[in-house]
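# compute the structure for the input listed below.
(2 chains)
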Amino acid sequence: MRFTISREKLQEGLAAVSPAVPSKTTLPVLANLLVQTTDRGIRISGTDLDIAVSTEVAAEIDTPGAITIPARKLSEIARELPAAPVKLSSSGDQRVTLECGRSKFKLLGLPKSEFPSFPAIQFDKAVRIPSGELQKLIHHTSFAASTEESRPILNGVLWEIRSDLMRMVATNGHRLAKMEVPVKGGKQTDLIIPPKALEQIRRLFPAEEELEVAQGENHLGFRSPFTSVYTRLIEGPYPGYDQVIPKDNDKVALLDKAAFISALKRMSVVASDQTHRIRLSFNAGMLKFAVSTPDLGEAQDELPIRYTGDPIEIGFNAAYLLEILRYLPTDEVRMTFRAPERASTVEPEGWTDPSKYLTLLMPLRLVD
Amino acid sequence: MSAPRIAVLPGAVADQIAAGEVIERPASVVKELVENALDAGATAIHVDVMEGGRALIRVSDDGSGMDAVNAPVAIARHATSKIRAAADLVGVASYGFRGEALPAIASVSRLAIETAPAHGAGTRVVVHAGAPAVVTEAARRQGTTVTVESLFANAPARQRFLKGARAEWRAIIDALTIVALIRRDVRLTVTHDGKEQLALPTASGLRERVGALWGHTVAERLVAVDDVAGPIRVAGLVERPADVGTASRRVFLSVNGRAIRDAGIVRAAEAAYRSAIPSGVRPSLLLDITLPVADVDVNVHPAKTEVRFADRWTLERAVERAVRRALGTEDAEASLGARSWWQAPAATPAPLGREVEPSALIETPAPTPLFAQSDDAPTPVDGEPEIVVPPLVQLRRTFLMFERDDAVVLIDQHSAHERVLYERFLGEFERGDAASQALLFPLTLHLSPAEAEAFEQAAAFIRGVGYQVESFGGSALLVHAVPTPHPRFDAERCLRETLAALTGDRAAASHGKHERLIATMACKAAIKAGEALRVDEMNALFVALARTTLPAHDVHGRATVVQLGWDEIERRFGRR
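Predicted structure coming up:
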């Protein structure tokens, strides 16, 4: 294998793929990137076996071929190279030579045959999806997925594709985020995807691109003209989230998001490090905050709000509430309640976007 | 006409009977005589014993002494210089007061008293087995010497029950030890069969006296207790939890300077160790309790080792609190070398009142290990010290390690977290304000019959720590809300494992011992050995552990913190 590539193109390709390379691995070849020649240039691929990323960049091919190269060293070298074309060649299964201007490196790689093959996914039945809409869904929901390992299904994000919309839902059992965007989708499909893969998708594909999405046996592939991402799917059934979204919350508060956030942050200072418990009392015109943590202290605050319904006192994990508010796109937010032990909803108020966004938060028990 | 069947006993017989109550064995004689010496204001007491006290007991003091008029009266029954009227019994401050001891001893032995007041002639009084006293003049400096010979020679019933000389001697030493612990200000020397057995100089505190009695290694291993709760002060020394069970147990209690036995107080002190030592072993305790004299009644038993308290409950709470606070201080941990495991070297505070010389700021001062310890240094309780987290390293995904000026310190992550959670759960349970996160998707647990029974018995406590649980027909449980003690917490697994553990532990649940249940739950909820921790998690654990009241021990009594002194490490490398 022998090819010449511009320093910038090499850096671009490495920047796209390197984050998919695991920092610690028991399988040595996973610390390497697969570099292979194509009709248009070279394809660089990396994987941690759960997620695989591969991208194609332009290069002049002299001799086709493929080899794996230590990812970290190659990236560090590429970063320091002078501004000159880079010549890369392999001899035998393992030896790689890289030349750039007067610089010359010899690296020891591993044979291509050791690199795991990518999941076989047929893109001929792929669904075409605007990348921007997908990114919006990911941004607004994936934060809510669980990081705790007891229920693997909740470690994933549910992606529902329908003929006229796409919906994503994530929850850790304490709070939930759900968003749907109206798009021309495809046939009804439910997928559960690790948030890490979604993060790569959000990072790699420009918002204006159109993606092809296709499903293999246990995997899902995302493809743009140059870049593709493959991920393992989490096997489900995802819990019936629709049944737990309250439909009969009769108390509604409208709050200024910025003022609400700053009051919550103030209260959090005195809240317990572990439970972040705060107490909210919603009354006509006024929201009262109270925090009391044994061995630490107490705090109170007030915020004028618009509120309809009977007064209600409800406890929350302030960290959850703050996190949700960070993703809400509007300056004003709407909260709804029914009872102190029932789910509350937090939604954007006055959002002109055609998307629908809903977050849900389970309360913390209050003791009087 | 028959002889009268009921007769008043002659005085001598009555004295012998009384002797049966007060004077059981040579040790009681020694105790009574030494107490008399103390009541006479002695500053130095010398005790000679021969053949376990059966041949000779001699107690000499430098106390106030008696003159020729008073000395013979001392032998009479209920003759005492210590009280005059019944009202004096309230708050009696002297060791003796009944006026029973000397006549009782005199009735069963050959007793000789040589005594002289500060200014006046000496007197010698000799009584043989209760016979009338013979009083003569004697030459002697101020003080009193009481010699008891042929004890129980005229009381064969008593004599038959005496044990061998060695056993009686041991009992005497026990009695003298108690005196020595109470009256640290008195010089005490003791000989047995002519050989010196104890030579205790006056001591400034309990630790010094303990060191003189049992050796300084024993004294060093005890933790100082000093706490005041209302009118009650509890001071003394208690065993470090890690050492409990490794040496013979010693228990000593004094109330207002009087040695007592009291199972309730011992239980209270031991309760302070709950969760810090394995069950079945019991700690050494040396406690001085001071409380208003009106709150204690000592006139219960002739041997006066039992007393009554007006408010036992408050007292026991005070004892438990004092011991618990002492155990929470750093020197209670299993350590080699210096204390204060969590303090970074830079944060080691200079002793108050010592000015730091400018040169000390330039030349790094040698670390002063916090060896300085005195009985009167109270535990600082006010103000939470800033906790400086040193760089922590995780070893084998099990231990956190950091270095300090004087030692390498290892923390067991599971034990440490267990301790943190135990105290948090217990606090929340007792306050009734456990945080309980409602669940979007309730958990369903299917229980075995044994687990279902365990749940029934422990339901109140399981709710108390933050689980909202509903029996869902038969053996199924529906969990609506769970505690959230830490981000890695697996609520379902914790509940399952706790119930599984409780099924093998019937007693724990049925007796409602919530500490034990909470300890089980803390164990199940804590991070395990083998979990990799991020730096921020290690730091948070460190701070949380430093804030617990008993950081050095987990709920099973194992050490959470182990220190390896640099001196030990350097020795192993042959550097010293």
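
# contact partners for the closest residue to chain A within the stretch 51-200 of chain B?
Residue nearest to chain A within the stretch 51-200 of chain B: residue B:181 (36.9 Å; CB to the nearest CB). C-betas here are computed from N, CA, C, even on glycine. Residues in contact with residue B:181 (CB atoms under 8 Å, 6 or more residues apart in numbering or on different chains) are B:206, B:209-210, B:213, B:252, B:254, B:259, B:286.

# ok, now residue B:170?
Counted by CB under 8 Å, 6+ apart, residue B:170 has zero contacts.

# A helix includes it, no?
Yes: applying DSSP: H, G, I helix; E, B strand; the rest coil, one finds residue B:170 inside a helix.

# interface residues of chain B facing chain A?
Residues of chain B that fall close to chain A, judged by CB under 8 Å from any CB of the partner chain: B:424, B:427, B:431-441, B:466, B:468, B:480-481, B:484-493, B:540, B:544.

# let's check: the centremost residue of chain B is which one?
residue B:285 (1.8 Å; CA atoms, centre = their mean).

# distance check, it against chain A.
Separation of residue B:285 from chain A (CB to the nearest CB, to the nearest Å): 28 Å.

# and the helices in the stretch 101-250 of chain B?
Taking DSSP state H, counting those that start in this stretch, the helices of the stretch 101-250 of chain B run over residues B:101-107, B:156-161, B:165-182, B:206-214, B:216-220.

# show me how far the strand ranked longest in chain B is from its chain's centre.
The residue-count maximum for a strand in chain B (DSSP state E) belongs to strand B:437-446. From the chain centre to the centre of strand B:437-446 is a distance of 47 Å (CA atoms, centre = their mean, to the nearest Å).

# follow-up on the earlier one: I'd say the residue nearest to the centre of chain B and residue B:239 touch.
Yes: between residue B:285 and residue B:239 there is a contact at 7.3 Å, judged by CB atoms under 8 Å.

# so which of the helices of the stretch 101-250 of chain B is the most surrounded?
Sort the helices of the stretch 101-250 of chain B by mean neighbour count, taking mean count of other CB atoms under 10 Å in any protein chain shown, and helix B:101-107 sits at the top with a mean of 26.

# now do that one: which elements does it pack against?
The contact analysis (3 or more CB pairs under 8 Å, 6 or more residues apart in numbering or on different chains; DSSP states H and E) places helix B:101-107 against helix B:11-22, helix B:26-39, strand B:110-116.

# quick check: residues of the stretch 101-250 of chain A near chain B?
A:147-150, A:171, A:173-176, A:239, A:241, A:244.

# mind checking which of those residues land in helices?
The helices, defined by DSSP state H, take in A:241, A:244 from those.

# tell me the two of the residues of the stretch 101-250 of chain A next to chain B that are most distant?
A:149 and A:244 (21.9 Å; CB to CB).

# all strands of the stretch 151-300 of chain A, in order?
Assigned by DSSP state E, counting those that start in this stretch, the stretch 151-300 of chain A shows strands spanning A:157-161, A:165-171, A:175-182, A:189-193, A:210-215, A:219-223, A:227-232, A:251-256, A:277-283, A:286-293, A:297-304.

# might one say that residue A:354 is in contact with residue A:179?
No: using CB under 8 Å, residue A:354 makes no contact with residue A:179, being 11.5 Å away.

# more neighbours: these two, which one.
Set residue A:354 next to residue A:179 and count neighbours by other CB atoms under 10 Å in any protein chain shown: residue A:179 wins out with 21 against 10.

# show me where chain A has its helices.
With DSSP H as the criterion, chain A has helices spanning A:7-17, A:71-80, A:131-141, A:195-204, A:241-244, A:257-270, A:318-327.

# list the helices and strands the last one packs on?
It stands for helix A:318-327. Right, helix A:318-327 is packed against strand A:175-182, helix A:257-270, strand A:277-283, strand A:344-349, strand A:356-361 by 3+ CB pairs under 8 Å, 6+ apart.

# same deal with the longest one?
In terms of contacts (3+ CB pairs under 8 Å, 6+ apart), helix A:257-270 is packed against strand A:277-283, strand A:286-293, strand A:297-304, helix A:318-327, strand A:332-337.

# and stretch B:209-226, end to end?
17 Å (CA to CA, to the nearest Å).

# give me the average confidence score over that stretch.
For stretch B:209-226, mean pLDDT rounds to 85.

# residue 125 - how many residues pack around it?
You didn't pick a chain, so chain A it is. Count around residue A:125 with other CB under 10 Å applied: 11.

# chain B is the one I meant
24.

# and stretch A:157-171, what's buried?
When neighbours are counted by 16 or more other CB atoms under 10 Å in any protein chain shown, the buried residues of stretch A:157-171 are found to be A:157-162, A:165-171.

# what confidence value was assigned to the single nearest residue of the stretch 201-350 of chain A relative to chain B?
Using CB to the nearest CB, the closest approach of the stretch 201-350 of chain A to chain B is made by residue A:275 at 3.6 Å. You'll see residue A:275 listed with a pLDDT of 84.

# which strand residues bridge the closest residue to residue B:197 other than its chain neighbours?
Excluding its sequence neighbours, the residue lying closest to residue B:197 (CB to CB, 6 or more residues apart in numbering or on different chains) is residue B:190, at 4.9 Å. Counting by DSSP bridges, residue B:190 forms beta bridges with residue B:47, residue B:198.

# ok, residue B:190 touching residue B:196?
Yes: between residue B:190 and residue B:196 there is a contact under CB under 8 Å: 7.4 Å.

# tell me which of the two has more neighbours.
residue B:190 (22 against 9).

# from residue B:53, how far out is that one?
12 Å (CB to CB, to the nearest Å).

# and for residue A:176?
With CB to CB as the criterion, residue A:176 and residue B:53 are 83 Å apart.

# low-confidence regions, the chain specifically.
No chain in the question, so chain A it is. Within chain A, the set of residues satisfying pLDDT under 70 comprises A:367-368.

# switch to chain B, please.
In chain B, residues with pLDDT under 70: B:1-4, B:7-22, B:76-100, B:130, B:279, B:299-304, B:329-385, B:504-513.

# break the chain down into its structural domains.
In the absence of a named chain, this looks at chain A. Annotated domains of chain A cover A:2-114, A:127-240, A:245-361 [automatic domain parsing].

# oops, I was thinking of chain B
With automatic domain parsing as the reference, chain B has domains B:11-197, B:206-327, B:334-418+B:530-572, B:436-482+B:489-525.

# would you mind measuring from residue A:349 to residue A:257?
9 Å.

# find residues that contact each of the two.
A:330, A:332-333.

# for chain B, give me its nearest residue in the stretch 51-200 of chain A.
Counting by CB to the nearest CB, the stretch 51-200 of chain A gets nearest chain B through residue A:150, at 4.2 Å.

# just checking, that residue touches residue B:494?
No: counting by CB under 8 Å, residue A:150 stays clear of residue B:494, with 9.7 Å between them.
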